[in-house]
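[1] sequence plus the predicted model coming up.
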Amino acid sequence: MLLPNRHLVADLLARYRAWERLVLADPLDDTVRGRFEDVAYTLCVLMGQRTAREAIWQAEAYLRRIRPVPIFPDLPKTAVPAVRD
């Protein structure tokens, strides 16, 4: 299974939360609601879920379990050459 780019997932989550706050502040604004629904739909498609709630849960779980990959996985940290300016 292909995994989405973690930066894209994090960006979509941040956008979702921002639009969610705006919708809660003014629930009758159709433009804000439309943008919010667009971001929610994109998050659902990206995470392969049917509802925004499930997509958010999956995205948060995905971001929690990703760890940075070391550049030299076989070498101890003391053996990695230092980068000089």
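    Looks like it arrived, so ask away. Numbering: from 1, shown residues only.

[2] packing partners for the longest helix anywhere in the chain?
    Taking DSSP state H as the criterion, the chain has its longest helix at helix 6-25. With contacts taken as 3 or more Cβ pairs under 8 Å, 6 or more residues apart in numbering; DSSP states H and E, helix 6-25 sits against helix 30-47, helix 52-65. No exception for glycine: its C-beta is placed from N, CA and C like everyone else's.

[3] between helix 30-47 and the helix or strand of the chain with the lowest mean pLDDT, find me the angle.
    Least confident helix or strand, the chain: helix 52-65 with a mean of 92, by mean pLDDT, DSSP states H and E. Here helix 52-65 runs at an angle of 50 degrees relative to helix 30-47 (axes from the mean of the first three to the mean of the last three Cα atoms, to 10 degrees).

[4] and helix 52-65, how far out from the chain's middle?
    8 Å (Cα atoms, centre = their mean, to the nearest Å).
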